[in-house]
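Engineer: Predicted model and sequence below, questions to follow.
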Amino acid sequence: QLFFSYFKELVGKEVTVELKNDLAIRGTLHSVDQYLNIKLENTRVVDQDKYPHMLSVRNCFIRGSVVRYVLLPQDGVDIDILHDATRREARGG
Amino acid sequence: MAPGLKRFTDVAGDGTPRLDDAAGEELVCVERAASVALGSRAPEPPGTLFITTRRVIWLSEAEKGRGYAVGFLDITLHAVSRDPEAYPSPCLYTQIEAEADSDEEDGDLDSEADSDSQLPKISEMRIILADAAQLDSLFDAFCHCAELNPDPTAEENEDSDLFHGEGMTNGGWIHGDEDEHMVDGIDPEFFIPNPIGQNGGDDLSSSVLEFVVDWEDLHILYDDPPLFYEI
C-alpha cells in the first residue's frame, strides 16, 4: 500500500515507465490504482528506433504487472520522507 | 492456460460468443464494424468486438467461425493511437503478453492459413472502429476491465510486507546519472551498489533519482544498516 499512496502523490508529474519487455514510455502520471496499474497522459516512447510502431498518444494504460521500473523526477521525491516511511514498513509498521 | 491471443470459435447460435457464465464472465460492451490488425498484419475485414469482464473477443463478420480472443490478464498496455505516422487509421493499440522467446510476431506466416501456433506470439493488436469517435470510450472500457482482472499473484502480495530488509547487501537507492540502465546484467532483485550517503562524492541534485521496485514481489530493496541511516 505504501507504493500506492506514494504514487498518488506523484500524479501530475512526469515519469518514465519501463516495462519488462524493455519498452520505456514517458508521460505525465494521470492516475494509479491499488494494483499499480498506471495511466499516463501525453505519452511518448523513449526509444523510438527500437519501437517504430509505437506511438505518441494522448493517454495510455499500463498494467501494473508488466512494469519493471518507474523513473521519477528528482524533485518528485522527498527522499527523507520516503526513507522514513520505508523503514517503518520494513519494521512491520 | 497459455498466455496471449488465441483463436476463438465458441459461438452461440445468435452469433455471439459463449461466455463463461460459471466464472461470472459478463458482456461489457459490443462494437460492431470493428476490425482487428494483429501484429504487423493488415487489418481483417470488419467484424464485431465483444468486451467481456474477462477478455476481448472479436468475431469476423465475413467468415463465420473465425475469431480471436485474449484475456485482460494478458493485455499489458492499451492506448488510443491517433498519430497517422504511427498507424494510418486511428485505433486502439494494445500490447499482448506473448509467449516467451518470440522474437518475431508473425514471421513469414502464410496470410490465409495462420496456424494456431503463431497466435500466441502476437504481441501487438490494433482495433480499428468504423467510428473513430468511439475509441475513447473503448479505451475506458479496456481500463475498466483491466482493473477487474488483477494478477492473481498481486492479490497475494497486497498487504504483505513490502520489504525485505534481510539478506540484502546492496542499497535500495540508486542515484544518478543519465545511465538509466545501471541494473544491466544484474538480477533485478539485487542491484546497485551506491546507497545514498555511502557514495559521498555523488551529487544528489543532479539528474534523475531512480527508484527501483520489483513489482512482482513489491519489495523495496532496502538495506538497513545503522550507518546508512545515521549519517
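Structural biologist: Cool, the structure landed. Worth saying up front: this structure is predicted, and the values here are computed from it rather than measured.
Engineer: buried set for the top helix by length along chain A?
Structural biologist: With DSSP state H applied, the helix covering the greatest number of residues in chain A is identified as helix A:79-90. Of the residues in helix A:79-90, those with enough neighbours to count as buried (16 or more other Cβ atoms under 10 Å in any protein chain shown) are A:82-83, A:85-87, A:89-90. In short, each C-beta sits where N, CA and C put it, glycine included.
Engineer: and of the residues you listed, the nearest to B:Leu59?
Structural biologist: Compare each of those with B:Leu59 using Cβ to Cβ and the shortest gap goes to A:Glu89, at 47.5 Å.
Engineer: wait, doesn't that closest one sit right on A:Phe3?
Structural biologist: No: taking contacts as Cβ atoms under 8 Å, A:Glu89 lies outside contact range of A:Phe3: 9.8 Å.
Engineer: show me where pLDDT drops low in chain A?
Structural biologist: Across chain A, residues meeting the criterion (pLDDT under 70) sit at A:48-55, A:76-77, A:93.
Engineer: Tell me where chain B has strands.
Structural biologist: In chain B, strands defined by DSSP state E lie at B:6-7, B:27-38, B:47-52, B:55-60, B:67-71, B:75-81, B:91-96, B:124-129, B:163-164, B:173-175, B:209-211, B:213-214, B:219-221, listed in chain order.
Engineer: Any idea what the spatially most central residue of chain A is bridged to?
Structural biologist: Geometric centre of chain A, nearest residue: A:Val70, 3.9 Å, by Cα atoms, centre = their mean. A:Val70 forms beta bridges with A:Val17, B:Phe211, as assigned by DSSP bridges.
Engineer: what about B:Glu61, how many neighbours?
Structural biologist: For B:Glu61, the tally of surrounding residues (other Cβ atoms under 10 Å in any protein chain shown) stands at 16.
Engineer: How about the contacts made by the nearest residue to it once chain neighbours are set aside?
Structural biologist: Closest residue to B:Glu61 apart from its sequence neighbours, by Cβ to Cβ, 6 or more residues apart in numbering or on different chains: B:Gly47 at 4.6 Å. The contact partners of B:Gly47, taken as Cβ atoms under 8 Å, 6 or more residues apart in numbering or on different chains, are B:34-36, B:58-62, B:67.
Engineer: do you know how far B:Gly47 is from chain A?
Structural biologist: The gap separating B:Gly47 from chain A is 22 Å, by Cβ to the nearest Cβ, to the nearest Å.
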